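A.B. asks: Generate a structure from the sequence data that follows.
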Amino acid sequence: MSVQSRAFNPALPSTDPRALALWEFVRREKPWFTPALAAELLEGLPPPTDVDAKELARWLQQKFAARNIKLKLTHAQQAIARVLGKPSWHLLPIHNAVAPRLLCRQLGAADGELYEDWASVKLLMQACITRWAEADPTKVYWVGLVDGTLVLSALEPRGHERAGETVLLEVVAAEGVAHWLDGAATALEGLRRFVENDAILDGFAALSAYLRISRADDSLLSFDDIGNAELVVLRGGAEFARGDELGCWLEIEHSRRSDARYGQPLHGDVVFDGQTWLCGAEALTWHVYEVRKGMVGVGGSRRPLGVEQAASLFRRYQRARRIFKEAPPTRGGKRLLGLRTPSASLASVDLRFVEQAFAQRGLGWPQFAASIDEDVPALTGLLPSPLLPRLAKFLKLEDPSRLFVTPAPSEFIRVASGEALRAYYCAADSIKFGRPAGATPDVARAIENAIENFANVWEMGKSIANGTTRIGGDWQDAPHQAYAAEVDEFVQVLGKLGMAVSATFARSFILRTGKDIFEHQDFPYRDGLTLLVRIAPAQL
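C.D. replies: The predicted model follows:
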């Protein structure tokens, strides 16, 4: 276009090429955006050689916010890339030659070393792990943040001739540096996964440390930063335990002792036959489940671990049993999902319902214990899971799920977006909804329509997940993505009605289908998870 023709088109005044690049990018979503406004927003742009590319993106986002224009950080990053003459943010050097941001020193030391970012600190900690692993490849490690100090410990069994080693590294901001916590979540998660590949890590402690940081700076972390992978153990092809290594080991140990006590197939010591883990006649196979974010939403993929990895897991498991046998941790390991699924070995029982069921039949706990002819524990609110099918048959319950206690309101987690709900709704075997009391007829009807649509979406998502329904693309491996828009709409519609959505998992018995019913006629139910979705006015 010539200069003469531009003079008759006020939408394209002659201006800085950087402003034209910004205008060309932003106007795709904001057609009213003009080159003149782009030039005004870029006034005072710091030289890119002096400022980190991420800082430039934040600077641009703040300039837009000053004009009451919303610009997401990801869009600001892509926009600043165009301004700097790159077609994509990923082609920019994220860290230019800037001053070190972190000061690392041994706890109690007067001085330390300067590091550019958290990724460099992660390499330092990995070097310690590698050095320890060369001396003893079966060490058990613990990583966490305690009162602002990064702790890396190599534990040893009680009575071991050599004491455990510990590195206490104090990480603080270098003088005059802002945003020094940027990258901490990514680096520490990378360290956690490095340790899980080559050692043992109490992932719950690391997760707690990340959450303590996030409370100090909510803009630093999201759950995706700290929960993007976990281990899954399958027993007989069905999911048995999930979490980090420690969480899976605790589940195996509890179940091994509990099942052996009640004559279930899984009993005896865990052994490794050179190919897979064996516990009695059952094989335990290990997988790793990873979340991946796509254009539509959050999905996941699962892959089995190989023989070499299974053997390494078993060596660490043996060492962990030696360390924790006298005082095993009472907490579970790190979990990927925001909602914790209940234990597969122990079940919380509705004690009042059980006592009433015995009273109505003129029976008691001693009669039930005598019918089993085994050593049965006292009746409490926490019973071994293998005992519940026998209890349900003894009481002849029409709905055996009544045995499980209903989760307390404090156990429900607020679901603020459809993305959060998609992260775990496909893990449920069934869904139950709690409706608000006192809703007007119009609101109640709108809620029922939203529930019906969401239930249909969940049914299709489950059929995709179990392979009953085949669809194209990557959605077959990530069923959470298949109906992302519909799940988002469910949360949005209820939000417009003034309702808030919260959810939690609860243990339940799921009625078997097909030939499985004939193979289990004495008790045609299987263990399952029910996702309880509570809909209530937002102010409650």
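
A.B. asks: Can you report how many residues neighbour residue 76?
C.D. replies: 23 (other C-beta atoms under 10 Å). Every C-beta, even on glycine, is put in place using the N, C-alpha and C of the backbone.

A.B. asks: Which pLDDT value goes with it?
C.D. replies: In this model, residue 76 is scored at 86, pLDDT.

A.B. asks: swap in residue 114?
C.D. replies: So residue 114 comes in at 78 (pLDDT).

A.B. asks: now swap in residue 144 and tell me
C.D. replies: With respect to pLDDT, residue 144 scores 63.

A.B. asks: What are the buried residues along stretch 311-318?
C.D. replies: 311-314, 316-317 (16 or more other C-beta atoms under 10 Å).

A.B. asks: Now do the buried residues in stretch 349-362.
C.D. replies: Judged by neighbour count using 16+ other C-beta under 10 Å, the buried positions of stretch 349-362 are 349, 353-354, 357-358.

A.B. asks: and which of these is nearest to residue 365?
C.D. replies: residue 358 (6.8 Å; C-beta to C-beta).

A.B. asks: pretty sure the closest one belongs to a strand, no?
C.D. replies: No. According to DSSP: H, G, I helix; E, B strand; the rest coil, residue 358 belongs to no strand; its state is helix.

A.B. asks: how near is it to residue 369?
C.D. replies: Using C-beta to C-beta, to the nearest Å, we find residue 358 at a distance of 12 Å from residue 369.

A.B. asks: Double-check that residue 348 belongs to a strand.
C.D. replies: Yes. Residue 348 forms part of a strand when assessed by three-state DSSP.

A.B. asks: ok, now which ones touch it?
C.D. replies: Counting by C-beta atoms under 8 Å, 6 or more residues apart in numbering, residue 348 makes contact with 342, 381-382, 404-405, 507.

A.B. asks: With neighbour count, pLDDT and secondary structure as added columns, please give those in CSV.
C.D. replies: Below are these laid out as CSV (neighbours: other C-beta atoms under 10 Å; pLDDT from 0 to 100; DSSP: H, G, I helix; E, B strand; the rest coil):
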residue, neighbour count, pLDDT, secondary structure
342, 19, 54, coil
381, 12, 76, coil
382, 12, 73, strand
404, 19, 88, strand
405, 18, 84, coil
507, 23, 83, strand
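
A.B. asks: pLDDT and distance to residue 441 added to the buried residues of stretch 349-362, as JSON lines?
C.D. replies: Output for those, formatted as JSON lines (pLDDT from 0 to 100; distance: C-beta to C-beta, whole Å):
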{"residue": "349", "pLDDT": "84", "distance to residue 441": "39"}
{"residue": "353", "pLDDT": "90", "distance to residue 441": "33"}
{"residue": "354", "pLDDT": "90", "distance to residue 441": "39"}
{"residue": "357", "pLDDT": "91", "distance to residue 441": "37"}
{"residue": "358", "pLDDT": "91", "distance to residue 441": "42"}
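
A.B. asks: which strands and helices sit next to the biggest helix by length in the chain?
C.D. replies: Looking across the chain with DSSP state H, the single longest helix is helix 441-465. When contacts are defined as 3 or more C-beta pairs under 8 Å, 6 or more residues apart in numbering; DSSP states H and E, helix 441-465 packs onto strand 430-434, helix 484-496.

A.B. asks: just checking, residue 241 is part of a helix?
C.D. replies: No. With three-state DSSP as the criterion, residue 241 is assigned strand and is not in a helix.

A.B. asks: can you tell me how far it sits from residue 354?
C.D. replies: Per C-beta to C-beta, residue 241 is found 27 Å from residue 354.

A.B. asks: so where's the stretch 351-500 of the chain uncertain?
C.D. replies: For the stretch 351-500 of the chain, the stretches flagged by pLDDT under 70 are 410-411, 416-417, 419-420, 422-427, 464-484.
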